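S.K.: Sharing a model that was predicted from the sequence below.
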Amino acid sequence: MPVKKTRTSKTAAKPAGLLERLAAGPVICAEGYLFEFERRGYLQAGAYVPEVVLEHPELVEGLHRDFVHAGSDVVEAFTYYAHRAKLKMVGREKDLARINRAALSIARKVARSTGTLLAGDICNTSIYALDDTASHKQARRTFDEQIGWAVDAGVDFIVGETYSWGSEALLALAAIKRSGKPAVMTLSVPREGRMRDGWTLTETAKRLQDGGADVVGLNCARGPATTLPLVREVRSAVTCHVAALPVPYRTTPAEPTFQSLTDPHGNPDGRPFPTALDPFLCSRYEIAEFGKEAFNLGARYLGVCCGAGPHHIRSLAEALGRRPPASRYSPDMSKHILFGSDKRLRQDYLEYARRNYRPAAPASG
Ligand SMILES: [Zn+2]
């Protein structure tokens, strides 16, 4: 059972909390740390344990700062899969407390110095099964210990994410509620369109709301195209705030999750997930479109999960009417040497581009 602690901030005025911010408008939360650090070569695809937190804390701090610069209102501590079962997979169970405390301390430093919200993070335990009661006990222990460290770090709220078992999400929610912190619960709906317990999304969302979740929604697994219809479903099932944080990949009704995508090219595993998804990556403009549509459907807690880069977060923020610091460098193609329009550019370059890159365009007068 985690010990509830309160801390007084040494820094200036406390920023508005999650619920106040949600009441005022959308809240953006960047996710996807595992994929980004895997691409950069600081953790391993497969086990996906956030070892970079211990080996290179400065890089984790840097990525938090990149996401805040791009418009994230939340610094989510990188404790995803920093739990007992996953650490065991890489022989580092002894580092359990150290990795959680380190991740929370890094996130806290960034959140408190930027006026953003600090979120603790728990996730699917990877050992839970509905008919295995021993696994429920293990899951409870996993949630309680990670939440205890998050509370010690003074988090503003706690995210419980990527649950494909509705019943596991309920256990996680109960643990968060015991801490007294606001709870954001996001589900990863499997390919079949139902939770692994057979529960419908509507039923699961309602149970989470009844369990006291402050925000209920979806994250990971599905791209924008196959997340949006589910956002509509959650929005009509609950009266609390709704979350939508898809992966930035072009999923389809036939292949609705990034695990189910197929591609005949360039994937030694026989499927693009997880290390050959590059050809499916959404552009920043597709993420902007997603942000507008999700907002119009009534989702207020918005972000992008595995695969996201800061450019996606900036586009999402701009689509919601924000101008984060990174917007200073948002594209301005008028200055491009081939496709620009600026009078200072060499006009023969622009002519060359018109001849060679836009042969179908009618000649301008
Ligand atoms: Zn994800």
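M.R.: Now that the structure is in, tell me what you want to look at. All values derive from a computational prediction rather than experimental measurement.

S.K.: which bits of this protein sit near the ion?
M.R.: Within the chain, the positions lying close to the ion (C-beta under 5 Å from the ion) are 220, 305-306. For every residue, glycine as well, the C-beta is placed using N, CA and C.

S.K.: ok, 8 Å please
M.R.: Near the ion, the residues belonging to the chain are 31-32, 34-35, 161-162, 188, 219-221, 245, 247, 305-307 when assessed by C-beta under 8 Å from the ion.

S.K.: Now go through the residues you listed and say which are in strands.
M.R.: When these are checked against strands (DSSP state E), the matches are 161-162, 219, 245.

S.K.: hmm, back to that, farthest pair in the residues of the chain next to the ion?
M.R.: Farthest-apart pair in those is 161 and 307; separation 15.1 Å (C-beta to C-beta).

S.K.: Tabulate the ones in strands among the residues of the chain next to the ion (CSV), appending pLDDT.
M.R.: Putting these into CSV (pLDDT from 0 to 100) gives the following:
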residue, pLDDT
161, 98
162, 98
219, 98
245, 99
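
S.K.: which of those are buried?
M.R.: Neighbour counting over those (16 or more other C-beta atoms under 10 Å) leaves 161-162, 219, 245 as the buried ones.

S.K.: Tell me if I'm right that residue 60 and residue 105 touch.
M.R.: No - with contacts counted by C-beta atoms under 8 Å, residue 60 stays clear of residue 105, the gap being 10.3 Å.

S.K.: higher neighbour count, these two?
M.R.: Between residue 60 and residue 105, counting by other C-beta atoms under 10 Å, residue 60 is the more crowded of the two (24 against 16).

S.K.: How much space separates that one from residue 287?
M.R.: Residue 60 sits 23 Å away from residue 287, taking C-beta to C-beta, to the nearest Å as the criterion.

S.K.: Which segments of this structure make up each domain?
M.R.: Domain assignment of the chain by automatic domain parsing yields the ranges 18-331, 332-365.

S.K.: From the opening residue of the first one to its closing one, how far?
M.R.: Taking C-alpha to C-alpha, to the nearest Å as the measure, domain 18-331 stretches 31 Å from start to finish.

S.K.: pLDDT value on the residue in the stretch 151-300 of the chain positioned nearest to the ion, please?
M.R.: The stretch 151-300 of the chain approaches the ion most closely through residue 220 (3.2 Å), counting by C-beta to the ion. Residue-level confidence at residue 220 comes out at 98, pLDDT.

S.K.: what about it, distance to residue 325?
M.R.: Using C-beta to C-beta, which is the criterion applied here, residue 220 is 27 Å from residue 325.

S.K.: The two - which one has more neighbours?
M.R.: When neighbours are counted by other C-beta under 10 Å, residue 220 comes out ahead of the other of residue 220 and residue 325, with 28 against 12.

S.K.: The more buried one: what's it in contact with?
M.R.: Going by C-beta atoms under 8 Å, 6 or more residues apart in numbering, residue 220 touches 31, 161-162, 186, 188, 245-247, 305-306.

S.K.: and if we set it to 10 Å?
M.R.: 31-32, 34, 80, 123-124, 161-164, 186-189, 227, 245-247, 257-258, 304-307 (C-beta atoms under 10 Å, 6 or more residues apart in numbering).

S.K.: gap between it and residue 80?
M.R.: Between residue 220 and residue 80 the computed distance is 10 Å (C-beta to C-beta).

S.K.: got any residues that touch both of those two?
M.R.: Common neighbours of residue 220 and residue 80 (C-beta under 10 Å, 6+ apart) are 31-32, 34, 123-124, 161-162, 305-306.

S.K.: So which of those residues is the closest to residue 111?
M.R.: Here the nearest of the shared contacts of residue 220 and residue 80 to residue 111, counting by C-beta to C-beta, is residue 31; it sits at 14.9 Å.

S.K.: Stretch 340-347: which residues count as buried?
M.R.: 340, 345.

S.K.: pLDDT on that stretch, on average?
M.R.: The predicted confidence, averaged over stretch 340-347, sits at 97.
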